[in-house]
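Participant: below are the sequence and a predicted model; questions follow.
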Amino acid sequence: MKRLIVLGASGSIGLSTAKVARRLPGEMKIVGLAVNQSVGPLLEQVKEFGPEAVAVVDNASADEVSTALPTGCRLHRGTRGLVDLVRETDADMVLVAIVGTGGLEPALAALETDKELAVASKEILVMAGEAVMNLAKRKGLAVLPVDSEHNAIFQCLHEAPEREVRRLILTASGGPFRQTKAEDLAKVTVAQALKHPTWDMGRKITIDSASMFNKGLEMIEARWLFGVEMGRIEVIVHPQSIVHSMVEFVDHSVLAQLSQTDMCFPIQYAVTYPRRLPTGLPQLDFASLGQILFEAPDPVRFPALRLAREAGTVGGTLPAVMNAANEVAVERFLQEKAGFPQIWETVERVMVAHENIASPDLGAIIQADQWARKLAKEILNK
């Protein structure tokens, strides 16, 4: 029985984790839940799973939750409450599915208190991959990927030594603008950008998929998860999202992981690893699928991949700066206060202006993050 804390319980990953817990009542127990301000979904899961503690970031929402919690369920408040929940709850694994940078400190707290880490928040390893992976190594703890792409690579590698790996190949759906002309991207609307062709995700990650920053973040995440330099990490567009990623080895053989587009699969594998258990998900029907397509990503339409490769290659504080500027620009686009191309234009301007710090500590990373947000806002305000 694996005892699990879920940070981001009301998001798409959190809700999928709840589905997995229902299917595997003898394998996993949810002992901690955290949300930003989604009181309804949180209380539904509290009633169903009976966790020992919860955390609510928003103060007003925490007040509402406090009057509805059953006796014996502790309440932690604010951003500090996420860390307290992780530190003070007896658990085997912490699944971090918080969008943005808010999951970094709870992730470090999980490793510091000898809990395995399941990562669904790309920003954790983008901002502080070196620190997170070094801490996990010192502690002898697993960092298990929940993103479908990284989970696929994890399965394909199957503990193969790094020297046998030629390249990691991340697949990308291409998003809603895969065939949109570059000159037409300035006209796209928020509603159009939120219509992802294959995945049902939160608003921020859906916009990142449309701009391909999502895949850029995944490149940097893969660099740290698997100890492979950026030059051996590639992206291929695969519209059907059936092949979740691939690994090519030095003998030029390629292993791929395929499954239906359902996040319950990688979540379950992360929780039950190294065992495989029935999922209840539909199997692939290759005859009905007919064919699977691949195409190279267009660097003109998707500059995010170039920017991410640069940030991941340079390292230091530059990935955190790229991520922070992107978060600000995406939020402005969602508010309809910036055009779609302004997302990557803003990110590039902030990256060019940044004075990089190599091998930063957590304080330097957070400072770089705050600096990038401030500059991105100034650029967009103009």
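Facilitator: Nice, thanks for sending it over.
Participant: next secondary structure after the helix or strand bottoming out on mean pLDDT in the chain?
Facilitator: Using mean pLDDT, DSSP states H and E, the weakest-scoring helix or strand in the chain turns out to be helix 286-289, at a mean of 90. Moving toward the C-terminus from helix 286-289, the next helix or strand (DSSP states H and E) is helix 304-314.
Participant: give me the residues contacting that following helix.
Facilitator: If you take Cβ atoms under 8 Å, 6 or more residues apart in numbering as the criterion, helix 304-314 is touched by 211-213, 215-217, 219-220, 223, 229-231, 233, 235, 297, 299, 318-319, 321-322, 326, 343-344, 347-348, 351, 356. C-betas here are computed from N, CA, C, even on glycine.
Participant: can you tell me the average pLDDT over that helix?
Facilitator: For helix 304-314, mean pLDDT rounds to 97.
Participant: report the buried residues of it.
Facilitator: Using 16 or more other Cβ atoms under 10 Å as the test for burial, helix 304-314 gives Ala304, Leu305, Leu307, Ala308, Arg309, Glu310, Ala311, Gly312, Val314.
Participant: ok, which stretches of the stretch 251-382 of the chain are strands?
Facilitator: Taking DSSP state E, counting those that start in this stretch, the strands of the stretch 251-382 of the chain run over residues 254-258.
Participant: hey, where'd the helices end up in it?
Facilitator: Secondary structure of the stretch 251-382 of the chain (DSSP state H, counting those that start in this stretch): helices located at 264-272, 286-289, 304-314, 318-334, 342-353, 362-381.
Participant: what about the strands in the stretch 51-200 of the chain?
Facilitator: With DSSP E, counting those that start in this stretch as the criterion, the stretch 51-200 of the chain has strands spanning 53-56, 74-77, 93-96, 116-119, 143-145, 165-172.
Participant: contact partners of the longest one?
Facilitator: Meaning strand 165-172. Contacts for strand 165-172 (Cβ under 8 Å, 6+ apart): 149, 153, 157, 209, 212, 214-215, 218-219, 222, 226, 228, 232-238, 241, 243-250, 252, 254, 297.
Participant: give me the buried entries from those.
Facilitator: 149, 153, 157, 209, 212, 214-215, 218-219, 222, 226, 228, 232-238, 241, 243-248, 297.
Participant: among those residues, which lie within strands?
Facilitator: Among the buried ones among the contacts of strand 165-172, the ones falling in strands (DSSP state E) are Ile233, Glu234, Val235, Ile236, Val237, Val243, His244, Ser245, Met246, Val247, Glu248.
Participant: and the second one, what does it touch?
Facilitator: Which is Glu234. Glu234 makes contact with Arg167, Leu168, Ile169, Leu170 under the criterion Cβ under 8 Å, 6+ apart.
Participant: kindly state the domain boundaries assigned to the protein.
Facilitator: Structural domains of the chain, as assigned by automatic domain parsing, span the residue ranges 2-145, 150-262+288-381.
Participant: between those domains, which one is closest to Gln268.
Facilitator: domain 2-145 (4.8 Å; Cβ to Cβ).
Participant: what mean pLDDT would you report for the closest one?
Facilitator: Average pLDDT, domain 2-145: 95.
Participant: endpoint to endpoint, it covers what distance?
Facilitator: By Cα to Cα, to the nearest Å, the extent of domain 2-145 from end to end equals 17 Å.
Participant: repeat that for stretch 51-59.
Facilitator: One end of stretch 51-59 sits 20 Å from the other (Cα to Cα).
Participant: sorry, back to before: need the strands of the stretch 51-200 of the chain in JSON lines with mean neighbour count and distance to Ile379, can you?
Facilitator: Formatted as JSON lines, the strands of the stretch 51-200 of the chain follow (neighbours: other Cβ atoms under 10 Å; distance: least, Cβ to Cβ, whole Å):
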{"stretch": "strand 53-56", "mean neighbour count": "27", "distance to Ile379": "33"}
{"stretch": "strand 74-77", "mean neighbour count": "18", "distance to Ile379": "34"}
{"stretch": "strand 93-96", "mean neighbour count": "26", "distance to Ile379": "30"}
{"stretch": "strand 116-119", "mean neighbour count": "26", "distance to Ile379": "30"}
{"stretch": "strand 143-145", "mean neighbour count": "23", "distance to Ile379": "33"}
{"stretch": "strand 165-172", "mean neighbour count": "22", "distance to Ile379": "27"}
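Participant: now, among the buried residues of helix 304-314, which is nearest to Ser259?
Facilitator: The closest of the buried residues of helix 304-314 to Ser259 turns out to be Leu305 (Cβ to Cβ; 24.6 Å).
Participant: and the helices of the stretch 251-382 of the chain, which one's lowest on average pLDDT?
Facilitator: Across those, helix 286-289 has the smallest mean pLDDT, namely a mean of 90.
Participant: may I have it exported as PDB, CA atoms only?
Facilitator: Output in PDB follows, covering the C-alpha atoms of helix 286-289 (Å, rounded to 0.1, in the frame of the first residue of the first chain):
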ATOM      1  CA  PHE A 286      -4.000  -0.900 -34.600                       C
ATOM      2  CA  ALA A 287      -6.200  -1.900 -37.500                       C
ATOM      3  CA  SER A 288      -8.600   1.000 -36.700                       C
ATOM      4  CA  LEU A 289      -5.700   3.400 -36.100                       C
END
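Participant: so which elements touch it?
Facilitator: In terms of contacts (3 or more Cβ pairs under 8 Å, 6 or more residues apart in numbering; DSSP states H and E), helix 286-289 is packed against no helix or strand at all.
Participant: who touches it?
Facilitator: Applying Cβ under 8 Å, 6+ apart, the set of residues contacting helix 286-289 from outside is Gln240, Ile242.
Participant: and that helix, how far out from the chain middle?
Facilitator: 30 Å (Cα atoms, centre = their mean, to the nearest Å).
Participant: kindly report the same for stretch 180-193.
Facilitator: 24 Å.
Participant: pull out the buried residues from that stretch.
Facilitator: For stretch 180-193, by 16+ other Cβ under 10 Å, it's Thr180, Leu185, Val188, Ala193.
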